[in-house]
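J.: Any chance you could fold what I've pasted below:
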Amino acid sequence: MTGPKKRRLTADDLLRLEQVSDARMHPSDARIVYCVSASVSAPKQQQFPSRLWCVDSASGSDPQALTAEGTCAHKPRWSPDGSSLAFLGSRDIAGKDQLFLLPDGPGEARCLTDCAGGVVDYAWGPATGELTLLVSDPPPADAAERERSGADQVVYEEDARFNRLYRLSLDGTLAALSKPATQVYEFAWSTDGTELVGLVADAPHNWCWYQAYLATLDVETGEWTPLFRSHKQFTAPAWSPDGAAVTAWRGHPDRINSLTFDRQGLLLASAGNDCAIHLWDASALAEERVHSRRPLLALRGHQYRVRSIAFSPDGRLLASGSNDQTVRLWDVHNGRCLRVLDEHDSDVLAVAFHPAGRYVASGSYDRSVRLWDTAGQEAPLVLRGHTDWVRALAFHPGGRLLASGGDDLAIRVWDPDSGRCVEMLCGHTRPIRGLLFTPDG
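T.: Numbering: from 1, shown residues only. Okay, the predicted model is just below:
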């Protein structure tokens, strides 16, 4: 039997591509809901056609569509008790997002809102049967006429719309939660549901995003109490699990690819698509209620995105692997680059230190694992056997073994002294992106 005939990829094929996002597990762990959306929208169409699907996590049966074709549905969130599923969407692709509620079982989705400006975001509230909505003000009265006439200019001083917080009960009753003259960008409830933190500003969103600050909301009065201000933009405010601290990201202007603490818990390192590595003071993380500060050091030298980082066991060195095909060793005390290891033939995706600090291991798109002598006295030992990209590395706590894995779906276990592959473990059906030995080996 012959397989399907191969043909060239066309522009139409690209336009038909779909993406899967926002997978959410049911509280019982029995089902997973996720969103499938088009990758390309029609001209001048702000929304992408998208549908929600649900699959049984145990049986692996065929996914079931929860929403109709030709509509928009995204951001699914199960209620805490799992009895219903909320999501944002519109039955008309060109319409504003509203909040819908779907029972966990037979039944149709019910639209709970009719907000002229649309619902921007939402979360299940602390009280049973209640949601917290972030709702945009209605557009200016002449917005529809301007759109029909083709006037697509943006007038910042006139388009003074706020995003505001509301409390929504399941019977559709909407009540204001915050004071009117506060712009809310993002928000998060504490784990116990007693406090709400927001990223807010005192003017409409069109011209004040850079003035946003962290604040907590008094849900009785609607007043915001500032927690932290900065001249840099924040994003993703969140509570620690015990509710004792608030975190918010800033520092990297692009995606963060790797995070790691040193063994002593004094430093946190982050690496990203901005080609930089930031070192943060981790010792003070438990001492402040608001965690948002500048890095201690920014390590710069890589020419392309940094994919992986690892501290040496003594915390004095940091290894980094990058899409510029190099591994770099850094002095974490002064940020100086000590060595550039450049014998890989392609991007470096993973780095790991030997528990005694003798070697740095690196894995690459070139399908090899290399062991570098940290003292710089010997050429790297090259370990070959993988048939595809190497994405993950881990040393045995005793240092006698090195495990590697990647896109060939196999885990190879090596003797780091001889470079011999002593075991190959197979069973994964998707690329391996992480490996870890237990602390006791």
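J.: and the closest residue to R420 other than its chain neighbours, what does it touch?
T.: Leaving out its chain neighbours, the residue that sits closest to R420 by Cβ to Cβ, 6 or more residues apart in numbering is W414, at 6.8 Å. All C-beta atoms are positioned from the backbone trio N, CA, C, and that covers glycine. Residues in contact with W414 (Cβ atoms under 8 Å, 6 or more residues apart in numbering) are 369, 383, 401-404, 420-422.
J.: The same query, at a cut-off of 10 Å, please.
T.: 361, 369, 371, 381, 383, 385, 393, 395, 401-404, 420-423 (Cβ atoms under 10 Å, 6 or more residues apart in numbering).
J.: Which among the residues you listed count as buried?
T.: In the contacts of W414, burial by neighbour count holds for 361, 369, 371, 381, 383, 385, 393, 395, 401-404, 421, counting by 16 or more other Cβ atoms under 10 Å.
J.: need the strands for the stretch 301-441 of the chain, in chain order.
T.: Here the stretch 301-441 of the chain has its strands, by DSSP state E, counting those that start in this stretch, at 306-311, 317-322, 327-331, 337-341, 348-353, 359-364, 368-373, 381-384, 390-395, 402-406, 410-415, 420-426.
J.: As CSV, those with mean pLDDT and distance to A11 would be great.
T.: Listed next are the strands of the stretch 301-441 of the chain as CSV, based on pLDDT from 0 to 100; distance: least, Cβ to Cβ, whole Å:
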stretch, mean pLDDT, distance to A11
strand 306-311, 95, 31
strand 317-322, 96, 33
strand 327-331, 95, 39
strand 337-341, 93, 41
strand 348-353, 96, 31
strand 359-364, 95, 33
strand 368-373, 94, 37
strand 381-384, 94, 39
strand 390-395, 95, 31
strand 402-406, 96, 32
strand 410-415, 96, 36
strand 420-426, 94, 39
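J.: now those as a markdown table including distance to S61?
T.: Shown next, in a markdown table, are those (distance: least, Cβ to Cβ, whole Å):
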| stretch | distance to S61 |
| --- | --- |
| strand 306-311 | 36 |
| strand 317-322 | 40 |
| strand 327-331 | 45 |
| strand 337-341 | 49 |
| strand 348-353 | 34 |
| strand 359-364 | 36 |
| strand 368-373 | 39 |
| strand 381-384 | 41 |
| strand 390-395 | 30 |
| strand 402-406 | 29 |
| strand 410-415 | 29 |
| strand 420-426 | 26 |
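J.: Over stretch 165-184, what's the mean pLDDT, rounded is fine.
T.: Stretch 165-184 shows a mean pLDDT of 87.
J.: for the contacts of W414, which one is nearest L266?
T.: Each of these was checked against L266 using Cβ to Cβ; the closest is F395, at 21.4 Å.
J.: Does the closest one touch V351 like I think?
T.: No. Counting by Cβ atoms under 10 Å, F395 sits too far from V351 to count as a contact (11.2 Å).
J.: Spit out the residues that contact those two alike.
T.: Shared contacts of F395 and V351, defined by Cβ under 10 Å, 6+ apart, comprise 310, 361.
J.: all strands of the stretch 1-150 of the chain, in order?
T.: 18-25, 31-38, 50-56, 64-65, 72-78, 84-90, 98-103, 110-111, 119-124, 130-136.
J.: hmm, who's touching the first one?
T.: Taking contacts as Cβ under 10 Å, 6+ apart, the residues outside strand 18-25 that touch it are 31-40, 48-55, 57, 74-78, 82, 85, 87.
J.: Repeat the analysis, applying 7 Å as the threshold.
T.: 32-39, 74-78 (Cβ atoms under 7 Å, 6 or more residues apart in numbering).
J.: can you state the direction angle for that strand and strand 72-78?
T.: Orientation check (axes from the mean of the first three to the mean of the last three Cα atoms, to 10 degrees): strand 18-25 against strand 72-78 gives 20 degrees.
J.: How far does strand 18-25 sit from its chain's centre?
T.: 13 Å (Cα atoms, centre = their mean, to the nearest Å).
J.: quick one: strands adjacent to that strand?
T.: Partners of strand 18-25 in the sheet, by DSSP bridges, are strand 31-38 (antiparallel).
J.: State the mean pLDDT of the partner strand.
T.: 91.
J.: Show the subsequent helix or strand relative to the helix or strand of the chain with the lowest mean pLDDT.
T.: None of the helices or strands of the chain scores lower by mean pLDDT, DSSP states H and E than strand 290-291, at a mean of 52. Note on strand 290-291: by DSSP states H and E, the next helix or strand toward the C-terminus is strand 297-300.
J.: in that following strand, what's buried?
T.: 297, 299.
J.: Next up, the contacts around T260.
T.: 269, 309-311.
J.: among these, which two are most distant?
T.: A269 and A310 (8.7 Å).
J.: between those two, which one's more packed in?
T.: Using other Cβ atoms under 10 Å as the criterion, A269 and A310 rank with A269 on top: 25 against 22.
J.: Tabulate the buried ones among the contacts of W414 (JSON lines), appending distance to P103.
T.: Below are the buried ones among the contacts of W414 laid out as JSON lines (distance: Cβ to Cβ, whole Å):
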{"residue": "A361", "distance to P103": "51"}
{"residue": "V369", "distance to P103": "51"}
{"residue": "L371", "distance to P103": "57"}
{"residue": "L381", "distance to P103": "60"}
{"residue": "L383", "distance to P103": "54"}
{"residue": "G385", "distance to P103": "52"}
{"residue": "L393", "distance to P103": "46"}
{"residue": "F395", "distance to P103": "50"}
{"residue": "L401", "distance to P103": "51"}
{"residue": "L402", "distance to P103": "51"}
{"residue": "A403", "distance to P103": "46"}
{"residue": "S404", "distance to P103": "47"}
{"residue": "C421", "distance to P103": "53"}
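J.: Show me which of the residues you listed is closest to S190.
T.: Once Cβ to Cβ is applied, the member of the buried ones among the contacts of W414 that ends up nearest S190 is L393, at 37.2 Å.
J.: Distance-wise, check that closest one relative to R430.
T.: Going from L393 to R430 by Cβ to Cβ, to the nearest Å gives 18 Å.
J.: Wait, L17 touches S39, no?
T.: Yes. The pair L17 and S39 qualifies as a contact (Cβ atoms under 7 Å) at a distance of 4.5 Å.
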